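Colleague: everything below, folded, please.
(one chain, ligands or ions: 2)
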Amino acid sequence: MKVTVVGAGNVGATCANVLAHNEVANEIVLLDIKEGVAEGKALDMWETSPVNLYDSRITGSTNDYSKTAGSEVVVITSGIPRKPGMSRDDLIATNAGIVKSVTENVIKHSPDAKIIIVSNPLDVMCYTAFLTAKIDKSRVMGMAGVLDTARYRSFIAMELNVSPKDIQALLMGGHGDTMVPLPRYTTVGGIPLTELMAQDKIDAIIERTKFGGGEIVKLLGTSAWYAPGAAAAQMVEAIVKDQKRVLPVCSWLTGEYGQKDIYLGVPVILGKNGIEKILEVDLNDAEKELMNGSADAVRNVMGILKDLNVL
Ligand SMILES: NC(=O)C1=CN([C@@H]2O[C@H](COP(=O)(O)OP(=O)(O)OC[C@H]3O[C@@H](n4cnc5c(N)ncnc54)[C@H](O)[C@@H]3O)[C@@H](O)[C@H]2O)C=CC1
Ligand SMILES: O=C([O-])CC(=O)C(=O)O
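Modeller: Ligands and ions are numbered 1, 2, ... in the order given. Below you'll find the model as predicted:
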């Protein structure tokens, strides 16, 4: 079982490290365009194996895709991150070309791979990879909802002073300021959140979640990596181990939630075939409106992609 992570920067290296540490695959390949970076980080990680007690083989490669051949899952994190004052959408001109060329190389060497996009702007980078890879929609997906719900759940845990393990939540829509956390579908040890927290506190947590990426960018001068790397690794594990996890995943919609020909975050069953099923839950009018607003925002960025003429 082989997994490749493209981009050995902050997110990619963290993801590879979590995959190795948790022995998700017995072979992990880290690839980057920058000479020596992937090899160096992979070697450093492998040297933790006797301490952390794992035997997943992790190796690095400078842009040699033959080393990635036959990967079951490929995570694409290559691309620039934003700096303070930028939005994720500002990254499109640089990252669209990178995601396109990386996807071409990936699919050439691993035609059966499931592809998980991490590069931003996430929803439109998924679209870029989908158009480039020309494979079934079940095999091209994006990581955003796992991260965004993790942030949402971690903030709820802090506010209620309870274990984050007991918080289940659903969040849908695009990976931007219009994302849609759903308190009606959030529970704490099986108890609806709405019974445990006042509405003004819930609203404040929703706002913090929507701008959770920006909060880290402001603190660090670049974007987050620990939670994003772990979130991508969780998706890889669900596929590699055929876990049938129910997770929010950026998926190509063909009419679900009233949306068509667009990548948006929705709850899915994730297993060995990639996205095995999109789950459609009932949304009330207010939630539908938020979902439609989020879709409009993603369509705007799809328009920018079209104008760039990279595909
Ligand atoms: N979907 C999500 O929730 C999240 C997305 N991101 C996005 O992930 C991307 C990566 O972020 P970081 O790891 O922090 O950036 P980083 O700058 O630390 O790493 C990016 C790596 O990609 C490599 N790269 C660039 N072009 C490449 C190519 N053509 N082939 C192979 N490697 C190439 C660079 O050399 C660099 O090592 C950014 O676009 C960021 O916005 C980051 C966090 C969360
Ligand atoms: O905020 C960013 O630019 C990176 C990202 O997508 C996140 O951390 O949610």
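Colleague: which residues are in contact with stretch 218-228?
Modeller: Residues outside stretch 218-228 that contact it (C-beta atoms under 8 Å, 6 or more residues apart in numbering): 9-11, 13-15, 81-84, 118, 120, 143, 147, 150-151, 213, 216-217. In this view, the C-beta of every residue, glycine as well, is placed from N, C-alpha and C.
Colleague: from these, list the buried ones, please.
Modeller: 9-11, 13-15, 81-82, 118, 120, 143, 147, 150-151, 213, 216-217 (16 or more other C-beta atoms under 10 Å).
Colleague: before we move on, back to that, taking the contacts of stretch 218-228 one by one, which sit in strands?
Modeller: Among the contacts of stretch 218-228, no member is found in strands (DSSP state E).
Colleague: residue boundaries of the helices in the stretch 101-250 of the chain?
Modeller: Along the stretch 101-250 of the chain, the segments classed as helices by DSSP state H, counting those that start in this stretch run 122-133, 145-160, 193-196, 199-210, 212-220, 226-240.
Colleague: now Arg208: closest residue in space that isn't a chain neighbour?
Modeller: Closest residue in space to Arg208, ignoring its immediate chain neighbours: Phe155 at 5.6 Å, by C-beta to C-beta, 6 or more residues apart in numbering.
Colleague: the one you found touches Thr209, doesn't it?
Modeller: Yes. Using C-beta atoms under 8 Å, Phe155 is in contact with Thr209, at 6.4 Å.
Colleague: which one's more surrounded, the two?
Modeller: Between Phe155 and Thr209, counting by other C-beta atoms under 10 Å, Thr209 is the more crowded of the two (23 against 20).
Colleague: quick check, pLDDT for the closest residue to that one other than its chain neighbours.
Modeller: Nearest non-adjacent residue to Thr209, counting by C-beta to C-beta, 6+ apart: Tyr152, 4.3 Å away. The model reports Tyr152 with a pLDDT of 98.
Colleague: picking up where we left off before, roughly how far apart are the residue nearest to Arg208 and Leu220?
Modeller: 18 Å (C-beta to C-beta, to the nearest Å).
Colleague: and the buried ones among the contacts of stretch 218-228 near ligand 2, which?
Modeller: Applying C-beta under 6 Å from any ligand atom, the subset of those adjacent to ligand 2 comprises Pro81, Arg82, Asn120, Leu147, Gly213, Ile216, Val217.
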